[in-house]
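Colleague: Predicted coordinates and the sequence they were generated for:
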Number of protein chains: 2
Amino acid sequence: MTKVLTILGSTGSIGTNALQVIEANKNDLKVGYLTAGSNAPQLIQQALKFRPKAVAIADESKYLMVKEALSGEKIEVMAGREGILNISSRTDVDLVLNAIVGTPGLEPTYNALRAGKTIALSNKESLVMAGEVIMDLAAARGLPILPVDSEHSAIFQCLIGEKKTAVSKLLLTGSGGPFRKQESGTFADITPEDALKHPTWVMGRKITIDSATMMNKGLEVIEAKWLFDMDPENIDIVVHPQSIIHSMVEFCDGSIKAQLGLPDMKLPIQYALFYPERKKVKWENTNFFQIAQLTFEAPDFSRFPCLRLAYDSLKRGGTAPAVLNVVNEEAVYAFLDRKIKFTDIPGLVEKALGAIPVTDHPDIHQILEIERISKEFLKREIG
Amino acid sequence: MTKVLTILGSTGSIGTNALQVIEANKNDLKVGYLTAGSNAPQLIQQALKFRPKAVAIADESKYLMVKEALSGEKIEVMAGREGILNISSRTDVDLVLNAIVGTPGLEPTYNALRAGKTIALSNKESLVMAGEVIMDLAAARGLPILPVDSEHSAIFQCLIGEKKTAVSKLLLTGSGGPFRKQESGTFADITPEDALKHPTWVMGRKITIDSATMMNKGLEVIEAKWLFDMDPENIDIVVHPQSIIHSMVEFCDGSIKAQLGLPDMKLPIQYALFYPERKKVKWENTNFFQIAQLTFEAPDFSRFPCLRLAYDSLKRGGTAPAVLNVVNEEAVYAFLDRKIKFTDIPGLVEKALGAIPVTDHPDIHQILEIERISKEFLKREIG
């Protein structure tokens, strides 16, 4: 039986990898809908190749370009936030892969769940900002949330067939980013070009900067808390520069299970798209004799303050992680635009967490309001 | 509910570790029966402490010593092969842990299965010699065989909740033994004292020598073939000197699952005794920041010919692995008794495999006959 998929964020790193997985499995997977942020030429190309029923582009200024290119193709074209929300609510698909980058991914996740769709979730911001809302909604509808992040996919796989009560710890591995061994005294001079050189993973710009500050690992701790219902004190970060072990679970009997593989996002994407089946891949397999060595280090919370900020926001709860996420995201874009320094990112997040009041158990509207407030806060701070 | 256990081979390394696990879990586990090879003083001590219904000692010359020490204790005492077979057939227990060392473990495994008992199997020789007979019998009775070897326990744990058809490879890890880096030109001078120094695991003498020749890993390949129904060409050996990853499973989608932990036999023993539950341990847990590094190497089939002999015997099938096992076992004891050199072990095994005709699909009697023939062969060879 062919699975029909919606891919939200089809022109990003995860989206394009997902389309490669679909192309390699034409008999099993089919594209129902595609959405993109602003890359109109790539969306057009994808639409012509994968023949979705409809596409949407968030950047309204690109609407006409897409519309004209697809005229006569029997592919509906929409644009703007409304277009994305419309497509994320469509019910005539089997699975929605949310690969939108950043905070704009939250509402589509919420919509897809409300439409009764199983989600393969790459947009970690949905859970960082609205973990309680999203998990409650998924539970109420009886829908699984299938993680696409390699770390969370690893934990998900390690938990298969195991009882929740037997789990004592989640061990989230991370490469440590490009500045793992760099003196923190030099961090203020880091340029976007420096920070975009990730040692092991090829990813989008936003997540690559988050890996450099290690905020990405912090966001993943928050994501793991919600996905797997674990207390933050039982979620540890293990720096593992080779990125071969994708994460681990420790059980109460001292046994640890790890999921390993090459650092290729196609693997966790394919796992989520085919779940609960495992589908044969033709790609390169792990060769332990080539790997030769795996190493582990403790994370350095003093050189990478974003880690502490993420744990602190999670302990505070309510809208605190949403503030952390939005301010970090805006600060990362400001850093990429050379408006602030690398070391300003954690400073701005910390300031925002201190300044913006926390609402406990927020609903989706309160979270979207916090998003607005956080963006305004950052705009005032950096002008 | 308390589980009542028979421990066959209670004074060996696995047996004493198992009794430590039982002592730490008095409310859940209870000793029903104990058997030992020849260590009468320790068996007596264990009987007085754990109060089994009956004990048996294989060495008949020790019968009176045990009988007298336990007189008036309401503990039945038996001796010899008949005593061991009697106890392995008792039905008033929940689980039989077979921790007998070597070929004498085969008949007790067979008996326990015929008595309808679930087996926690540490005696790998049962499967190496009679894999087809044992697995067919277990399947016919609907009884699981719970592995106690750390490698097979690891694979068993990695397979939980996964489909058999999704498995592409088993990756058996091994420390490589004490001579991993030693020039093979010096192997002829290896003494029993040298070979008994295992780098990571504390184990009995027989298995420690098998680790030094790497025959142990070869026997484990044969054991894995039967336990997990895998073709030998899909069972790979990965040398991993730190013994932290206890083994791995590769799935068809490129994902690998590994089970890790400290090299402490109490962990896989406890896992088997409590299966399908995981029970909290108070023992030391793995600390990845202390481990720091895991390394992997290809096994060296030329310096360790026992590996090739094991694979070859498995490919030949029938009674070939039984010959390999019996001749190796007798050769190891001859080496420990300084009757032969370390390098004679694989030579004798190879000679026996060439000389003793193979019977396909042997029944238990044919296998016991092969055991006798193999022992006679070796006696003639080494005088």
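Modeller: Everything's here; your move.
Colleague: Retrieve the pLDDT associated with A:Thr286.
Modeller: We have a pLDDT of 75 for A:Thr286.
Colleague: for A:Gly177, that is, sorry about that
Modeller: At A:Gly177, the pLDDT value in this model is 92.
Colleague: Can you tell me how far it is from A:Lys341?
Modeller: 17 Å (Cβ to Cβ, to the nearest Å). Glycine gets a C-beta too; all of them are placed from N, C-alpha and C.
Colleague: okay, and the helix or strand of chain A with the least pLDDT?
Modeller: The helix or strand of chain A with the poorest confidence is helix A:288-291; it has a mean of 80 (mean pLDDT, DSSP states H and E).
Colleague: can the next helix or strand along the chain from that one be found next to chain B?
Modeller: Next along the chain after helix A:288-291, taking DSSP states H and E as the criterion, comes strand A:293-295. Yes - using Cβ under 8 Å from any Cβ of the partner chain, strand A:293-295 reaches chain B at A:293-295.
Colleague: Not counting its neighbours along the chain, what's nearest the residue in chain A that chain B sits nearest to?
Modeller: Nearest to chain B in chain A, going by Cβ to the nearest Cβ, is A:Gly161, at a distance of 2.2 Å. Ranked by Cβ to Cβ, 6 or more residues apart in numbering or on different chains and with sequence neighbours excluded, the top spatial neighbour of A:Gly161 is B:Gly161, at 2.2 Å.
Colleague: Does the one you found lie in a helix or a strand, and which?
Modeller: Using DSSP H and E, no helix or strand contains B:Gly161.
Colleague: correct me, but it touches A:Lys163?
Modeller: No - counting by Cβ atoms under 8 Å, B:Gly161 does not reach A:Lys163; the two are 10.8 Å apart.
Colleague: thinking again about what came up before, looking at A:Gly177 and A:Lys341, which has the bigger crowd around it?
Modeller: Higher neighbour count among A:Gly177 and A:Lys341: A:Gly177, with 26 against 15, using other Cβ atoms under 10 Å in any protein chain shown.
Colleague: How about the contacts made by A:Val239?
Modeller: A:173-176, A:180, A:296-299 (Cβ atoms under 8 Å, 6 or more residues apart in numbering or on different chains).
Colleague: And it, what's its pLDDT?
Modeller: The model reports A:Val239 with a pLDDT of 96.
Colleague: beta partners for it?
Modeller: Here A:Val239 sits in beta bridges with A:Gly174, A:Glu297, going by DSSP bridges.
Colleague: With A:Cys252 as the reference, measure out to it.
Modeller: A:Val239 sits 25 Å away from A:Cys252, going by Cβ to Cβ.
Colleague: ok so, going back, is the least confident helix or strand of chain A anywhere near chain B?
Modeller: Yes - judged by Cβ under 8 Å from any Cβ, helix A:288-291 and chain B are in contact via A:288-289, A:291.
Colleague: Please compute how far that helix lies from its chain's middle.
Modeller: 29 Å (Cα atoms, centre = their mean, to the nearest Å).
Colleague: returning to that earlier point: separate out the buried members of the contacts of A:Val239.
Modeller: A:173-176, A:180, A:296, A:299 (16 or more other Cβ atoms under 10 Å in any protein chain shown).
Colleague: Nearest to A:Leu48 among these?
Modeller: Checking the buried ones among the contacts of A:Val239 against A:Leu48 with Cβ to Cβ, the nearest one is A:Ser175 at 36.5 Å.
Colleague: Quick check, the closest one in contact with A:Ile244.
Modeller: No - checked against Cβ under 8 Å, the pair A:Ser175 and A:Ile244 is beyond contact range at 10.1 Å.
Colleague: Please, which helix or strand holds A:Lys339?
Modeller: Using DSSP H and E, A:Lys339 sits within no helix or strand.
Colleague: Please read off the pLDDT at it from the model.
Modeller: At A:Lys339, the model reports a pLDDT of 97.
Colleague: With adjacent residues omitted, what lies nearest to it?
Modeller: Nearest residue to A:Lys339, sequence neighbours excluded (Cβ to Cβ, 6+ apart): A:Ile382, at 5.8 Å.
Colleague: Can you give me the distance of the one you found to A:Thr103?
Modeller: From A:Ile382 to A:Thr103 the distance is 17 Å (Cβ to Cβ).
Colleague: What about the closest residue to A:Ile373 other than its chain neighbours, how many residues nearby?
Modeller: Excluding its sequence neighbours, the residue lying closest to A:Ile373 (Cβ to Cβ, 6+ apart) is A:Ile356, at 6.0 Å. A:Ile356 has 19 neighbours, counted by other Cβ under 10 Å.
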